[in-house]
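Visitor: let me see the structure of the following:
(chains A and B)
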Amino acid sequence: MAREYDLEGMARAIREIIAAAEELKKASAGVPALERNAEAILVFAHIAGDNLPDAPAPSP
Amino acid sequence: MGDPRYWNPIMETLPWEQLERLQLSRFRKMVKWALESSPFYRRMYERAGIVPEDIKTMADVRKVPLVSKEDLRTAQEGEPYLYGELLGVPLAELTAYHQTAGTTGKPLYVTDTYESWQYMVEAFCYNIYAMGLRNTDRVFIAFPYNVFIAFWVGHYAAEKIGCEVVPSGAMSTKDRISKMKEVRATALMCTPTYGLRLAEVAQEMGLVPARDLQIRTVICAGEAMPEATRLKLEELWGADVYDHIGAAEVGPWGYMCEQKRGLHILESFFLVEFLDVETMSRPVGPGEEGVVVISTLFKRSFPTIRYNLKDVVQISDRRCPCGRTFRMIESIRGRVDNLVKIRGVLFSPVSVEEVIRDNFPQVVEFETVVAKEGTQDSLLVKVELDPSVSTDEVPNIKARLVEALKFKTNLTFDVEFVPLGTLPRYEFKSARFKDLRKG
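Guide: Numbering: from 1, shown residues only, chains lettered A, B, ... in the order given. Reported below is the predicted structural model:
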């Protein structure tokens, strides 16, 4: 079943989202409206990653 | 396009060997987290010599100490208040509070971070998607939205799937029925007991739920639902009725699929073991009955690792035609805490419900009472009959009920018929078993 899906492509996209969200979190300079949304993006990116057999990036 | 039957076809059809490998890797990670972050687990694991890197097989998993609700409760007595040494994250990260019902003692406080809560919601998405909920559903949630977790996760999971959620909060039963009718809700979440009660009140209001309401899916939780009760709910609501299993401490870990036979274990989020009821050490397998020991693979705020849930289940020995590779349990037999000895015989109160719902459609409501008469235990079932039953039929119903209960439980019951409306009705979990021998 897993072979029907581009798992590597999905994992790569998730890694990119995580990297971008971490960059946004860092750049937010403690502004809650940006920092908390960056953290929320990270949570959902990690859940998406854990929905794949090989997690693209370790959970925080 | 993904397979429309599954929330996640990648995980739900993953070959078992891969799933087990994944579980072991996630379990190892959770043990490492708990060891580093929770003083309660650190002390226990250091004493037991647990090294996360050494956990490579299921046999290694079994070397990790079991924890009970009592252990967690004790760990919560220290600092930081409310969660004590159990906590796996700083207090500032917590975003949700829940608690267990406290039926076996002081309630256990359960907490989540934003992250662990979202994992709970994701886990429930697997459940309700398998039960057929889609973004075209309008889901009516019939629970009082309080400190008990109940359908809180169901609410957010339905929302995540894209359903329109109708929260009924503090509404009365009659108001809930009127609202369900008014908004044309297509799905309902409630306990099995309350599903029966809602149907009963709808009938009192002159409605036939299967005809006058548009509910096509009922999702139940919160208490054991015998198959006969599930079928009764299907008949009353003219809907597909599904069961799932979860607990406030761990989340929703098992679910029915569209086949409606047994429950799948959500293997990618939980590592579930089954142990022999008597010894609590021997692993039991397909076809046997076992106590559930569960490890959440994502809950860092409130780690539950090798947690004895005390749920007794019948483990399935079949593969489901739905194509999921997740293991199955055939039925939920109840809780170890609920098993009582009566006249030396181990008795599960849910067996009375199984007998009644299976064979006695004339019974509207019932209650089982065990008391002490001298040195002997007495066992009584109080029964409300449907008003359509004629007086002539009553002795026959009584004789058949006594016989069926004896056959099922190996115990002799007295049966007392009481007027309709005498016995209590329940808006959440039922309490149809009263043990008056205690205190």
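
Visitor: dihedrals phi and psi, the closest residue to residue B:185 other than its chain neighbours?
Guide: In this structure, residue B:185 finds its nearest non-sequential neighbour in residue B:140, 3.8 Å apart by C-beta to C-beta, 6 or more residues apart in numbering or on different chains. For every residue, glycine as well, the C-beta is placed using N, CA and C. Note on residue B:140: its backbone torsions stand at phi -100, psi 120 [degrees, to the nearest 10].

Visitor: residue B:367 now?
Guide: phi -150, psi 140.

Visitor: number of residues surrounding it?
Guide: Neighbourhood size, residue B:367 [other C-beta atoms under 10 Å in any protein chain shown]: 20.

Visitor: that one bridge partners, please.
Guide: Counting by DSSP bridges, residue B:367 is bridged to residue B:382.

Visitor: that one contacts residue B:434, doesn't it?
Guide: Yes - with contact defined as C-beta atoms under 8 Å, residue B:367 reaches residue B:434; the gap is 6.7 Å.

Visitor: any idea how far residue B:363 is from the residue nearest to residue B:185?
Guide: Distance of residue B:140 to residue B:363, computed by C-beta to C-beta, to the nearest Å: 27 Å.

Visitor: have a look at the two and say which one is more surrounded.
Guide: residue B:140 (27 against 19).

Visitor: now that one: how far from chain A?
Guide: 27 Å (C-beta to the nearest C-beta, to the nearest Å).

Visitor: OK, contacts around that residue?
Guide: With contacts defined as C-beta atoms under 8 Å, 6 or more residues apart in numbering or on different chains, the neighbours of residue B:140 are B:166, B:168, B:176, B:179, B:180, B:183, B:185, B:187, B:188, B:189, B:215.

Visitor: show the average pLDDT along stretch B:72-84.
Guide: For stretch B:72-84, mean pLDDT rounds to 93.

Visitor: what do you get for stretch B:114-133?
Guide: The predicted model gives stretch B:114-133 an average pLDDT of 97.

Visitor: quick one: that stretch to chain centroid distance?
Guide: 15 Å (C-alpha atoms, centre = their mean, to the nearest Å).

Visitor: so is that stretch next to chain A?
Guide: Yes - applying C-beta under 8 Å from any C-beta of the partner chain, one finds stretch B:114-133 touching chain A at B:114, B:115, B:118, B:119, B:122.

Visitor: setting aside sequence neighbours, what's the nearest residue to the last one?
Guide: If you skip the residues right next to it in sequence, residue B:122 has residue A:47 as its closest partner in space, 5.2 Å away by C-beta to C-beta, 6+ apart.

Visitor: confirm that that neighbour sits in a helix.
Guide: Yes - according to DSSP: H, G, I helix; E, B strand; the rest coil, residue A:47 belongs to a helix.

Visitor: my guess is it contacts residue B:117. True?
Guide: No - using C-beta under 8 Å, residue A:47 is not in contact with residue B:117; the gap is 10.9 Å.

Visitor: more neighbours: these two, which one.
Guide: Higher neighbour count among residue A:47 and residue B:117: residue B:117, with 22 against 19, using other C-beta under 10 Å.

Visitor: what strand or helix carries the more buried one?
Guide: In this structure, residue B:117 sits in helix B:114-130 according to DSSP states H and E.

Visitor: and residue B:399, how far from residue B:405?
Guide: Using C-beta to C-beta, residue B:399 is found at 11 Å from residue B:405.

Visitor: looking at the two, which one has more neighbours?
Guide: Applying other C-beta under 10 Å to residue B:399 and residue B:405 shows that residue B:405 carries more neighbours, namely 21 against 11.

Visitor: kindly provide the distance from the residue in chain B positioned nearest to chain A to residue B:370.
Guide: Here chain B gets closest to chain A at one residue, residue B:13, 4.0 Å apart by C-beta to the nearest C-beta. As for residue B:13, its distance to residue B:370 is 47 Å (criterion: C-beta to C-beta).
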